[in-house]
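>>> the sequence and its predicted three-dimensional model are supplied below.
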Amino acid sequence: MNQAGGADPGTAMSPYFRRSYHPSQEGSLRTAVEYLAASPAARTAAGAVGRAVMS
């Protein structure tokens with residue numbers, strides 16, 4: 001734990017830096033796409049990108 005009481009970010013993220021890591025270990029692509037389709041933040045960001053491309 002760090003001084004703020006949370007997990008140490010270096011330790012918490014370490015699985016992502018292992019050679020054996022693959023994103024499929026986190027869940028399915030279908031679940032990720034469904035989450036992004038329903039996420040207000042992701043939808044807002046996608047709209048902002050689309051508006052920037054169109055201008």
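Sure, I can see it. Residues are numbered from 1 along each chain as shown.
>>> in this protein, which segments are predicted with low confidence?
1-13, 50, 53-55 (pLDDT under 70).
>>> go again with 80.
1-14, 16, 49-55 (pLDDT under 80).
>>> so which residues of it form strands?
Assigned strands in the chain: none (criterion: DSSP state E).
>>> please enumerate the helices of it.
Along the chain, the stretches classed as helices by DSSP state H are 9-12, 29-38, 40-54.
>>> Throw these into JSON lines and include distance to residue 22, thanks.
(Each C-beta comes from the backbone N, C-alpha and C, glycine too.) Output for those, formatted as JSON lines (distance: least, Cβ to Cβ, whole Å):
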{"stretch": "helix 9-12", "distance to residue 22": "18"}
{"stretch": "helix 29-38", "distance to residue 22": "12"}
{"stretch": "helix 40-54", "distance to residue 22": "23"}
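>>> right, and these - which one's nearest residue 18?
For the helices of the chain, the distance to residue 18 is smallest for helix 9-12, at 12.5 Å, taking Cβ to Cβ.
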